[in-house]
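Undergrad: have a look at this fold, sequence not included:
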Ligand SMILES: Cc1cc2nc3c(=O)[nH]c(=O)nc-3n(C[C@H](O)[C@H](O)[C@H](O)COP(=O)(O)OP(=O)(O)OC[C@H]3O[C@@H](n4cnc5c(N)ncnc54)[C@H](O)[C@@H]3O)c2cc1C
Ligand code: SF4
Ligand code: SF4
């Protein structure tokens, strides 16, 4: 056995090399270590070639890489070792970033690095070599989350010939995008999907191939219960709630909706309109098969009678099935932060969120696209948008949600273009617009007279038919803005099912509840 140790400091200067000198010397004293290399090794091809030369020259057959970014580099160095005939699973990596960042006299950091190195050398030395073998891989994917991102992922995979199971917890696909009306930066319809790769044309979500591709199987009202197996060969157990309508039989004639006597708040319009108990939320929704919400249905038996093809089945029950898939894509999106109790939200109908405003501004929304106060049906003369509600706030979430400034500016522009005499003010800590073409929206907002006021939001009080909004200005002084409608730019947060989903799949979540990226 010939173990090789590479000690790679963060940086190439003499200081960096000096910091890891003690560790390299220590490596030489460890059992079975035949060669020690000290020097900066990054992810570039030049460094990988140097590494290959070193492996070949020293005839090492097991390797420990001590570096500051092992998760980023390990795979590349495993492959480079394999190029020189070393079994890539006999390459270990440890993180010595603490040593690299520490003061040269920091004994604790040096001691910790030695312990990590000793453990890695022991481990790599005690591994039994298992030859890599080829095993068949399921040519199918599980995509969890049927929003725009999940639909696109499913489409791309299906286009490449893979079988895709698209699992959506709700009765319809699309996620939030169909509710948005228009989408920046192109200001296209929210259902419009930008062309990717070599495509020439934009595509409407309604015409998404997920609904027609023979490679895609839709599982709406479904969630992942269990995932077992390894990459390439998973068994995924899916639970599906009843739709009460047989998707294979339904011809989408809409007769059941006409007959339906039950009503409920329309979730698609965030309760700003009503829907029938058997419904398709919008003209663009997929699949084009209604969902029967039995809880709100007053005459289910009549619906069964009315359906011309016998598609309504009140006897449907929750069911489980196990799918064989080779890979899993999580595209579960986000939830909107609920600002209930903040700045009069939930108490006054004219305090809304940006998603409510999106529904009001949408031509196919509950007001036919007209900006209307919900309290009296009048058009507000002064609209105030309050940024960072539920974001950048130690009481709620400390992170920036990164998109709500764009949403506010988009809506402000829309209002100013359609009703130029409306006074639109955005109260912000600072406007964060970082994305392609976003800066253009910022300048356009200025040109159209959108007022951008910097300050810390305070409190809202009713004043006549409108509101007074107290805030601290940039100098910390007390100031006030008046408005007829207040729109809260509430941030994004991880969905409630994220934790359980991450656990079922074996993924990490960060302290904010979002799934961690590998790097
Ligand atoms: C008011 C507003 C305006 C916006 N305007 C714009 C804009 O102009 N331009 C722009 O680029 N972006 C805009 N956005 C952002 C845009 O909505 C998101 O980028 C987009 O929705 C992300 O799509 P997604 O598929 O990742 O997530 P989502 O739309 O959140 O969809 C996620 C889907 O996954 C499903 N799901 C969640 N958990 C599970 C689970 N455990 N199992 C199964 N299914 C699950 C959900 O039901 C949902 O259907 C706006 C957002 C808001 C709120
Ligand atoms: S369930 Fe029957 S009545 Fe309703 S849309 Fe489908 S086919 Fe028509
Ligand atoms: S409103 Fe702007 S600054 Fe505040 S959290 Fe959203 S994107 Fe970030």
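TA: Looks like it arrived, so ask away. Predicted, not measured: the structure shown is a model, and the values here were computed from it. Ligands and ions are numbered 1, 2, ... in the order given.
Undergrad: could you pull out the helices for the stretch 251-400 of the chain?
TA: When secondary structure is read from DSSP state H, counting those that start in this stretch, the stretch 251-400 of the chain shows helices at 255-259, 300-306, 354-361.
Undergrad: and ligand 1, which of these is closest to it?
TA: With respect to ligand 1, and counting by C-beta to the nearest ligand atom, the nearest of these is helix 354-361 at 4.1 Å. Placement of C-beta: from N, CA and C, glycine included.
Undergrad: for the closest one, packing partners?
TA: helix 404-418, strand 485-490 (3 or more C-beta pairs under 8 Å, 6 or more residues apart in numbering; DSSP states H and E).
Undergrad: looking at the helices of the stretch 251-400 of the chain, which is buried most?
TA: Between the helices of the stretch 251-400 of the chain, helix 354-361 has the highest mean count of neighbours, a mean of 22, where neighbours are mean count of other C-beta atoms under 10 Å.
Undergrad: residues in contact with the helix or strand containing residue 26: which ones?
TA: When elements are defined using DSSP states H and E, residue 26 is found to belong to helix 14-28. Contacting residues not belonging to helix 14-28 are listed as 5, 7-10, 33, 36-40, 64, 66, 96, 99-100, 102, 104, 110, 113-114, 117, 121 [C-beta atoms under 8 Å, 6 or more residues apart in numbering].
Undergrad: and with 7 Å instead?
TA: 5, 7, 9-10, 33, 36, 38, 40, 66, 96, 99-100, 104, 110, 113-114, 117 (C-beta atoms under 7 Å, 6 or more residues apart in numbering).
Undergrad: go on, stretch 503-519?
TA: Contact partners of stretch 503-519, identified using C-beta under 7 Å, 6+ apart, comprise 71-72, 224, 226-227, 328, 330, 397, 399, 493-494, 498-499, 502.
Undergrad: just stretch 417-426 next, same as before
TA: The contact list for stretch 417-426, computed with C-beta under 7 Å, 6+ apart, reads 371, 379, 381-385, 387, 408, 412, 415-416, 450-453, 481.
Undergrad: ok, now with 10 Å
TA: 187, 361, 369-371, 379-387, 405, 408-409, 411-416, 444-445, 448-454, 469, 481-485, 487, 489 (C-beta atoms under 10 Å, 6 or more residues apart in numbering).
Undergrad: and the lengthiest strand in the chain with ligand 3, contact?
TA: Ranked by residue count, the top strand of the chain under DSSP state E comes out as strand 451-463. No - using C-beta under 6 Å from any ligand atom, no contact is recorded between strand 451-463 and ligand 3, whose separation bottoms out at 10.6 Å.
Undergrad: which residues does the closest residue to ligand 3 within the stretch 101-250 of the chain contact?
TA: With C-beta to the nearest ligand atom as the measure, the residue in the stretch 101-250 of the chain that lies nearest ligand 3 is residue 184; the distance is 12.7 Å. Remark: with contacts taken as C-beta under 10 Å, 6+ apart, residue 184 is in contact with 403, 406-407, 409-411, 413-414, 433, 435, 437-438, 440-441.
Undergrad: let me know the secondary structure of residue 229.
TA: For residue 229, the secondary-structure state derived from DSSP: H, G, I helix; E, B strand; the rest coil is strand.
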